[in-house]
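**Q** Below are the sequence and a predicted model for it; my questions follow.
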Amino acid sequence: MPYLENIEQAVDRSLIPESQWDTIYSDFDTDALMKADVRSRTGYFTTMYNIGALNPNEIRTAEGFNKREGGDEYKTASSPSVQMPAEEKPTTQQEEKQDD
């Protein structure tokens, strides 16, 4: 988003001493604008964890949560998989009501 980059550069020039431009910079976090619904994000992060692409702390950071102890471990073939909750299936009573 070029207009945000222009604002970031203006903030950098105005608020950050030139001697620190290599180490400090401003950056708009636009991830919140692009977030999908909770179910889609859950599915994405479940998949990324299960294939070993993200660890729990990377997922927590992406969602704005604090890291937790032991969360830097990646899933391995021997790690248990995380499953998305199944869609709620109607009980027998609910099915009977629909048949009426």
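**A** That came through fine.

**Q** CA atoms for contacts and neighbours, from now on please.
**A** Fine.

**Q** Spatially central residue in this protein, please.
**A** Of all residues in the chain, the one closest to the mean position by C-alpha atoms, centre = their mean is residue 62, 3.7 Å from it.

**Q** Give me the below-cutoff pLDDT ranges for this structure.
**A** 1, 34, 80-100 (pLDDT under 70).

**Q** mind giving me the domain ranges of it?
**A** Domain segmentation of the chain under automatic domain parsing yields 1-28, 35-79.

**Q** Give me the distance from the longest one to the chain's centre.
**A** This means domain 35-79. The chain centre lies 7 Å from the centre of domain 35-79; the measure is C-alpha atoms, centre = their mean, to the nearest Å.

**Q** What is the end-to-end distance of it?
**A** 28 Å (C-alpha to C-alpha, to the nearest Å).

**Q** re the thing from before, mean neighbour count, the domains of the chain: which tops it?
**A** Per residue and on average, the most neighbours among these fall to domain 35-79, with a mean of 14 (mean count of other C-alpha atoms under 10 Å).

**Q** ok, residue 27 to residue 4 distance?
**A** From residue 27 across to residue 4, the span is 9 Å (C-alpha to C-alpha).

**Q** what ranges do the helices span in this structure?
**A** Assigned by DSSP state H, the helices in the chain fall at 2-15, 31-34, 38-50, 56-62, 92-99.

**Q** show me what contacts the closest residue to residue 74 other than its chain neighbours?
**A** Using C-alpha to C-alpha, 6 or more residues apart in numbering and skipping the chain neighbours, the partner closest in space to residue 74 is residue 55 (4.7 Å). Contact analysis of residue 55 by C-alpha atoms under 8 Å, 6 or more residues apart in numbering lists 49, 71, 72, 73, 74, 75.

**Q** Tabulate those residues (CSV), appending distance to residue 18.
**A** Below are the contacts of residue 55 laid out as CSV (distance: C-alpha to C-alpha, whole Å):
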residue, distance to residue 18
49, 40
71, 37
72, 35
73, 38
74, 39
75, 43
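
**Q** if we take those, which one ends up nearest to residue 42?
**A** Comparing these against residue 42 with C-alpha to C-alpha places residue 49 closest, at 10.4 Å.
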